[in-house]
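Asker: Here is a sequence together with a model predicted from it:
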Amino acid sequence: VDLFAFGIDYHTIVRKELIFPDTPALRFVRDDKDIFRIIGTNIDVMPNTAMVHGLYDVRGLDFPSHRYREFCEAIGGHDWLGYGILFTVQLQPKLLGLLNVKYVLTSSRPGAKALRYLRLVTVDKDINVYQNLYYLPRSFIVHHVRVSGDSQEVLKTLQDPGFDLATEIILEKAPPPQFVEPQESAPQSTAEITRYDPNHVTIRASTSAAGFLFISDSYYPDWKAYVDGVETEIYRADYIFRAVYLAP
């Protein structure tokens with residue numbers, strides 16, 4: 001309404017670089033060709049602006065779901081005006097890693113606990129860039145599963161320092177009966193994302209033992225998954241994410 005009332009006879013043109021400056025910190029992160037997400041603290045790298053630079057941000061002004069908000073609160077986030085999430089410097093790098101967060105961009109100094117697992121990789125005039133040493137790939141295969149129907153217990157377990165997020169996931173329903181955890185200590189498995197679009201993800205996966213392909217994208221019931229062209233069930237994994245069963 002205000003734009004219409006006060007701006008109907010006024011329209012200015014502003015150069016893109018004045019609104020979305022191409023800073024050294026952003027160039028450093030953008031030069032990393034891996035698939036990863038970033039996070040800024042407070043309003044550093046304002047939510048939603050990262051998409052201009054082709055970067056994935058775990059924040060967004062998009063009315064997050066109840067579960068996603070709770071997960072982010074466990075990391076160090078807080079509700080912002082009811083339709084977004086902001087993060088303080090008191091971060092939990094381990095859960096950030098599960099969210100595929102590789103870099104933290106901040107004009108502040110992270111909390112002492114977080115700094116033990118964040119490595120300073122570049123310094124810009126306004127922003128410091130830290131690499132998360134707990135960073136996990138966007139998608140990977142696990143062979144160990146826990147089952148819990150209590151969602152709050154799931155969230156609590158994920159925060160347990162003794163729980164290995166890289167090798168085990170928590171499902172909220174029983175896996176298929178044919179799933180048996182392997183006896184071998186380290187099954188061979190690979191997962192490579194070959195296509196990643198907003199509505200379509202393709203992953204080339206291989207595993208020597210039964211397991212679950214985990215992807216750190218939000219679970220939502222309307223998604224469909226196909227393994228070798230055959231539709232399969234998508235499980236809610238680790239409170240907010242997706243996983244599908246893979247036979248050897």
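Answerer: The structure has been received and is ready for your questions.

Asker: how close does residue 59 get to residue 135?
Answerer: 17 Å (Cβ to Cβ, to the nearest Å). The way it works is simple: take the backbone N, C-alpha and C, and place the C-beta from them, glycine included.

Asker: my read: residue 133 touches residue 114, true?
Answerer: No - with contact defined as Cβ atoms under 8 Å, residue 133 does not reach residue 114; the gap is 10.6 Å.

Asker: picking up where we left off before, quick one, which of residue 59 and residue 135 is more surrounded?
Answerer: Taking other Cβ atoms under 10 Å, residue 59 and residue 135 do not tie; residue 59 has more neighbours (24 against 19).

Asker: Nearest residue to the more buried one in space, ignoring adjacent ones along the chain?
Answerer: Residue nearest to residue 59 in three dimensions, not counting chain neighbours: residue 47, with 4.0 Å by Cβ to Cβ, 6 or more residues apart in numbering.

Asker: Count the residues that sit near the one you found.
Answerer: 20.

Asker: wait, is it part of a helix?
Answerer: No - counting by DSSP: H, G, I helix; E, B strand; the rest coil, residue 47 falls outside a helix, being coil.

Asker: Next up, the contacts around it.
Answerer: 40, 57, 59-61, 84-86 (Cβ atoms under 8 Å, 6 or more residues apart in numbering).

Asker: 7 Å - rerun?
Answerer: 57, 59-61, 84 (Cβ atoms under 7 Å, 6 or more residues apart in numbering).

Asker: separation between it and residue 61?
Answerer: With Cβ to Cβ as the criterion, residue 47 and residue 61 are 5 Å apart.

Asker: what sits in contact with each of the two?
Answerer: Joint contacts of residue 47 and residue 61 (Cβ under 7 Å, 6+ apart) are residue 84.

Asker: Now the spatially most central residue of the chain. Nearest residue, chain neighbours left out?
Answerer: The residue lying closest to the centre of the chain (Cα atoms, centre = their mean) is residue 99, at 2.6 Å. In space, and not counting its chain neighbours, residue 99 is closest to residue 58: 5.3 Å by Cβ to Cβ, 6+ apart.

Asker: what residues are up against that neighbour?
Answerer: 37, 39, 99, 101.

Asker: Please report how far residue 118 lies from residue 134.
Answerer: 9 Å.

Asker: who touches both of those two?
Answerer: residue 93.

Asker: Please identify which of those two sits among more neighbours.
Answerer: Each of residue 118 and residue 134 has its neighbours counted (other Cβ under 10 Å); residue 118 has more, 23 against 17.

Asker: pLDDT on stretch 68-80, on average?
Answerer: What stretch 68-80 shows for mean pLDDT is 93.

Asker: Next, the residues that contact that stretch from outside, please.
Answerer: Taking Cβ under 7 Å, 6+ apart as the rule, stretch 68-80 contacts 85-88, 90-92, 95-96, 155, 159, 218, 239-240.

Asker: again, only using 6 Å
Answerer: 85-88, 90-92, 95-96, 159, 239-240 (Cβ atoms under 6 Å, 6 or more residues apart in numbering).

Asker: Equivalent analysis for stretch 14-29, please.
Answerer: Counting by Cβ under 6 Å, 6+ apart, 52-53, 103, 122, 124, 127, 129 sit against stretch 14-29.

Asker: Sort out for me which of those are in strands.
Answerer: Among those, the members falling in strands (DSSP state E) are 103, 122, 129.

Asker: Pick out whichever of those residues sits closest to residue 248.
Answerer: Distance to residue 248, by Cβ to Cβ, is smallest for residue 103 among the ones in strands among the contacts of stretch 14-29, at 35.2 Å.

Asker: host element of the spatially closest residue to that closest one that is not a sequence neighbour?
Answerer: Closest residue to residue 103 apart from its sequence neighbours, by Cβ to Cβ, 6+ apart: residue 38 at 4.8 Å. Taking DSSP states H and E as the definition, residue 38 sits inside strand 37-40.
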